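Colleague: pasted the sequence and its predicted model underneath.
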Amino acid sequence: MSLMHALSDVVAIAPMAPGDPGWDAPPASPPGMETILPEWVGWAKYVAIGAGILGLIACGIMMMVGRRNRSHLSAEGASGLLWVLGGLSVVTLAAGVVPAIVT
């Protein structure tokens, strides 16, 4: 059985149309998770900010060290800046994008 057939069977078994119970249910946290999940998200943000700062510092050091006769190292540091900034952008946008997709 292909994946498409399995997905179509699942959709056929459990149709959800507007007006059905659960269609527009607001997100609800399980009992006891009201304070734990925001704390975990806060820790993840803190770790991401720390990793971003260290990443930018490492890229800057690579660019400084690679200035003379090590142009490859300097280029790696410069290209690493884009990856660090891209990762920080994803972390920053996560809190706004995920709820917009889910709701």
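Modeller: Looks like it arrived, so ask away. Residues are numbered from 1 along each chain as shown.
Colleague: can you give me the pLDDT of G87?
Modeller: Listed pLDDT for G87 reads 93.
Colleague: could you check which helix or strand contains it?
Modeller: Counting by DSSP states H and E, the element that carries G87 is helix 71-102.
Colleague: pull out the buried residues from that helix.
Modeller: L73, S74, G77, G80, V84, L88, V91 (16 or more other Cβ atoms under 10 Å). Placement of C-beta: from N, CA and C, glycine included.
Colleague: how far does stretch 57-67 sit from its chain's centre?
Modeller: Its chain's average C-alpha position is 27 Å from that of stretch 57-67, according to Cα atoms, centre = their mean, to the nearest Å.
Colleague: not counting it itself, show me its contacts.
Modeller: The contact list for stretch 57-67 (Cβ atoms under 8 Å, 6 or more residues apart in numbering) reads H72, L73, S74, A75, E76, G77, A78, G80, L81, V84.
Colleague: of those, closest to G50?
Modeller: Nearest to G50 among the contacts of stretch 57-67: V84, at 12.2 Å, using Cβ to Cβ.
Colleague: I'd assumed G55 was in contact with that closest one.
Modeller: Yes - applying Cβ atoms under 8 Å as the test, V84 and G55 come out as touching, 3.9 Å apart.
Colleague: now render the contacts of stretch 57-67 as CSV, adding pLDDT.
Modeller: Formatted as CSV, the contacts of stretch 57-67 follow (pLDDT from 0 to 100):
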residue, pLDDT
H72, 88
L73, 87
S74, 87
A75, 88
E76, 89
G77, 88
A78, 89
G80, 91
L81, 92
V84, 94
